[in-house]
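Q: following is a predicted model, sequence given first.
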Amino acid sequence: MFKPSRRHLLLGSLAGATSTLLNPWTGAPGAFAQAGSKGRRFIFLYLPGGWDQLLFLDPREFEFAAADEGAYLTEVERTGIDTAYRFGGYDYATVNDYGQGLHRPSASVDEGFCFGPAAVRYRDGSPMHDVNLVSLVDRGIPMSIIRGINMGTLGHEPGYLYFLTGEPAGGGVARGTSMPIRLASQLLGEEASPTLVPTVALSVGSFTGSADGRLAALKATSIDDLQRILARDEALLEPDEVEEALAAYAERPLTEAAERYDGEGLLSAMTSASMGARDMLANDLAHTFTFLDGTDDVSAALRLRYDIDDTSKSSGRRSAAAHAAFAALAVKTGFAQFVSAALPAGGDTHGAGNRVHAEGLHGAIDAIARLVDDLATSPADPALGGNWLEHTTICVFSEFARTPRFNATGGRDHHFTNSCLLIGAGLRPGSVVGASTETGGMAPQPYDFVQRVVLPEGVSPSSPAHRAITPADVGATLLASAGLDYGEYRDGQPLWQAILTDG
Amino acid sequence: MKPVAAIAGLGLILGLVAPACTGRIGGDGDDLAAGTGLGPADPDPASRRPRAARRLSAPQLQAALVAATGFDYRGTARVVDPASPQGSEVVDDAKLLEVYGGSLGNPDYNYTTQHDLSPSVTFSKLTGDAVRYSCGLAADAEVLQPEEGRPGHLLLEADRDDRWPEGASAVRANIVVLALRWWGHEQEPDAPDTDALVDVFRVAQGAAVDANDAGGGSASDDPEHHQVAAAWRAVCIAMLQDPRFLTY
């Protein structure tokens, strides 16, 4: 007789309380094509520190064809790429934990669609987790890998700001507007957001630029900070009529004296933000994100679902798992339409081999898989229909990648050829766009934006349409996936092969 | 450096500096540009584009709040503590603008080095908390403390006995001097900005009277001064949340 375990009870309570269905997702990929763009949600997941693309989105397989280490080293010299998945001096038994080869879905996908070793962790020869990126692709969940992105920088801050905005940063200063704000600006127009706040950014920057101040992100560096932001201590509240008088004062039009001081609209933007804060407090959101400490079954089930470790420690409270659970809750509870979150992935490590990067990356990748599974098995708002993932596009990125060869201390340094992963609504399932070179140490391979193919290696660009993919192209692709005007990216073109819409 | 080059360099420096050393830094009718030879002067100061304002960073806000009210924003919070086995500890008397500095835009000096000074809902909400906390303590200290204990941050032109409407002129005069002190802004006692703050004063004093009449007053032994404290607390909150205090 089946006896429910504590795990079953907790997951069951989560299903009841949040209307989450726990049966495997069975929706047809076609459902994603019908997702209306007006209600589209976007999640941006930033893995800080620069990720190793050989371990995740841009792996190589020549190592597995090599008969022995000598043959492998010959290939390393030919390609300028030292994967060290199983040969080489810097592999500390990574192969035992991350499998014997690259991870390919069984589903029909573009040639070359596969993940590197860090995507799936093994124990005793079997995947540790049933839910992983490969199994999700096999369940029909759309994913698109974009490779060969030229970051044009090896600095953390400029690379991070470039991907956030789609425009090259001026040193450490962002130019332009964050992608979520651009999307919000076009999707919402003059209308109010269908969610309680339009944009939220957890431990990620957000730049409003010249966009409407009401779209400015609610920013916090941790879930603890966010809880403090969402509620006001009763001791700090004034009587109702005084609160109204304070609000009337704060929201009155600028007087002539103040206007003269408002050269670039900062004071007006601050007034908008003040109104946004007042609206937010009126919604009594204090209990939305209490899952780290909550003793209720819903919180416990969420911690279990995301495998959130010891929350008495900072590392647990700020883990990739906790931040992924936050992102899912933000969408499922109708808190925000545009969600950004950092998923700690081991950080900026220069002095260790594959294992350190693989373990850091895998923690974040596992959290992403759980987030995708959560959204794909949770019924969306009835007005939208289907499940939440059918209405959500996820963009996973980092500021740059790691070098294809090891440095003198056995680690990998910063490398400008990057990749990103798109998941969910509006995407063509199993698509791969762009490439890094097979030889010459993973340089960005020029892409033909007219023919929509990667230029063969050794063929020189002969037209302005032949160039490396950049973060601006990723931004334009996201706008185009929702049927929006991508022309505001002066240097960006959509990668049509990654999305369902066609231009 | 050769003597000729040194003399030429000194001449160039003097040439650039001398016209600026007039003791004047602009103002109505000032013809600064004409004096420097840098281009034609703008004859109409009103047509000049206002300069770009800049939002206070979290450390600047903290310092400004202490200078304005005499009180830091403190409370219970989980504080990062590398010496702790947990990596953080819950502290009762934490400086909250430091605790939430990251959310207010402080760089982490790991992946970012620039302050994020954009206006945001987060900045507005946390600033509101900080201002309410510090203004509450400042108003109580100014109005309810014995005279020798009053720090003199809030009541500069008014007395703790000045209530609305009897003390109207003192209330207006105090608002005018606070505007100068906190915003660097000269305004008249009957300016629209003064009127708007007088409204806040009146509503807050009235609410405290109502609360006292209903038996909910916080100090039945000295209700009038508690009403004055509530009124100045509200004015302080309004003025310190004004973008003119939060920018420079």
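A: Done, it's in.

Q: which residue ranges form the strands in chain B?
A: B:74-80, B:88-95 (DSSP state E).

Q: most packed of these?
A: Sort the strands of chain B by mean neighbour count, taking mean count of other CB atoms under 10 Å in any protein chain shown, and strand B:74-80 sits at the top with a mean of 17. For glycine as for every other residue, the C-beta is placed from the backbone atoms N, C-alpha and C.

Q: any idea how far residue A:452 is from residue A:421?
A: Distance check for residue A:452 against residue A:421: by CB to CB, to the nearest Å, it reads 20 Å.

Q: same thing with residue A:274?
A: Separation of residue A:274 from residue A:421 (CB to CB) stands at 37 Å.

Q: and the two? Which one has more around it.
A: Just comparing residue A:274 and residue A:421: by other CB atoms under 10 Å in any protein chain shown the higher neighbour count belongs to residue A:274, 26 against 20.

Q: do whichever helix or strand that one is part of and chain B meet at all?
A: Following DSSP states H and E, one finds residue A:274 within helix A:266-282. Yes - interface with chain B: helix A:266-282 contributes A:266-267, A:269-274, A:276-277, A:280-281 (CB under 8 Å from any CB of the partner chain).

Q: just the CA coordinates for that helix, please, in PDB.
A: Extracted C-alpha coordinates of helix A:266-282, given in PDB (Å, rounded to 0.1, in the frame of the first residue of the first chain):
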ATOM      1  CA  LEU A 266      15.200  63.400 -12.000                       C
ATOM      2  CA  LEU A 267      12.900  65.100  -9.600                       C
ATOM      3  CA  SER A 268       9.900  64.100 -11.700                       C
ATOM      4  CA  ALA A 269      11.200  60.500 -11.800                       C
ATOM      5  CA  MET A 270      11.500  60.500  -8.000                       C
ATOM      6  CA  THR A 271       8.000  61.700  -7.700                       C
ATOM      7  CA  SER A 272       6.900  58.800  -9.900                       C
ATOM      8  CA  ALA A 273       8.900  56.400  -7.800                       C
ATOM      9  CA  SER A 274       7.300  57.900  -4.600                       C
ATOM     10  CA  MET A 275       3.900  57.200  -6.000                       C
ATOM     11  CA  GLY A 276       5.000  53.700  -7.000                       C
ATOM     12  CA  ALA A 277       6.200  53.000  -3.400                       C
ATOM     13  CA  ARG A 278       2.800  54.200  -2.000                       C
ATOM     14  CA  ASP A 279       0.900  51.900  -4.400                       C
ATOM     15  CA  MET A 280       3.100  49.000  -3.500                       C
ATOM     16  CA  LEU A 281       2.600  49.500   0.300                       C
ATOM     17  CA  ALA A 282      -1.100  49.800  -0.200                       C
END
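
Q: quick one: buried residues of whichever helix or strand comes after it?
A: Remark: after helix A:266-282, the chain's next helix or strand is helix A:297-305, criterion DSSP H and E. Across helix A:297-305, burial judged by 16 or more other CB atoms under 10 Å in any protein chain shown covers A:297-303, A:305.

Q: of all the strands of chain B, which one comes closest to residue B:112?
A: Within these, the stretch nearest residue B:112 is strand B:74-80; the backing value is 16.7 Å (CB to CB).

Q: which residues of the chain score low on pLDDT?
A: Just so you know, I chose chain A. By pLDDT under 70, the weakly predicted segments of chain A are A:1-36, A:88-96, A:100.

Q: that's the wrong chain, I meant chain B
A: B:1-50, B:215-220.

Q: how close does residue A:201 sit to chain B?
A: 9 Å (CB to the nearest CB, to the nearest Å).

Q: identify the bridge partners of that residue.
A: residue A:219, residue A:340 (DSSP bridges).

Q: and the helices in the stretch 401-503 of chain A?
A: A:471-481 (DSSP state H, counting those that start in this stretch).

Q: what's the neighbour count on residue A:316?
A: If we define neighbours as other CB under 10 Å, then residue A:316 has 17 of them.

Q: no, scratch that, I was asking about residue A:433
A: By other CB under 10 Å, the residues close to residue A:433 number 26.

Q: check residue A:393 too.
A: Neighbour tally, residue A:393, other CB under 10 Å: 26.

Q: please name the nearest non-neighbouring residue to residue B:92.
A: If the residues on either side of it in the chain are set aside, residue B:92 comes closest to residue B:76, at 5.0 Å by CB to CB, 6 or more residues apart in numbering or on different chains.

Q: residue A:276 and residue A:214 touch, don't they?
A: Yes - using CB atoms under 8 Å, residue A:276 makes contact with residue A:214 at a distance of 5.9 Å.

Q: mind listing the helices for chain B?
A: B:3-17, B:32-36, B:58-69, B:96-99, B:121-143, B:168-178, B:192-213, B:223-241, B:243-246 (DSSP state H).

Q: against residue A:337, how distant is the closest residue to residue B:236 other than its chain neighbours?
A: In space, and not counting its chain neighbours, residue B:236 is closest to residue B:135: 3.6 Å by CB to CB, 6+ apart. According to CB to CB, residue B:135 and residue A:337 sit 35 Å apart.

Q: for the closest residue to residue A:69 other than its chain neighbours, the count of nearby residues, please.
A: Once flanking residues are discounted, residue A:69 sits nearest to residue A:87: 4.5 Å by CB to CB, 6+ apart. Residues near residue A:87, counting by other CB under 10 Å, number 20.

Q: quick check: residue A:87 is in a strand.
A: No - counting by DSSP: H, G, I helix; E, B strand; the rest coil, residue A:87 is not part of a strand but coil.

Q: so who does it touch?
A: A:63, A:66, A:69, A:72-73 (CB atoms under 8 Å, 6 or more residues apart in numbering or on different chains).

Q: what is the end-to-end distance of stretch A:332-347?
A: End-to-end distance for stretch A:332-347: 29 Å, by CA to CA, to the nearest Å.

Q: what does stretch A:491-503 give?
A: So stretch A:491-503: terminal residues 17 Å apart, CA to CA.

Q: next one: stretch B:150-164
A: 21 Å.

Q: list the buried residues for it?
A: Residues of stretch B:150-164 classed as buried by neighbour count (16+ other CB under 10 Å): B:153-155, B:158, B:160, B:162-164.

Q: same check, this time on stretch A:220-233
A: In terms of neighbour count (16+ other CB under 10 Å), stretch A:220-233 has its buried residues at A:220-232.
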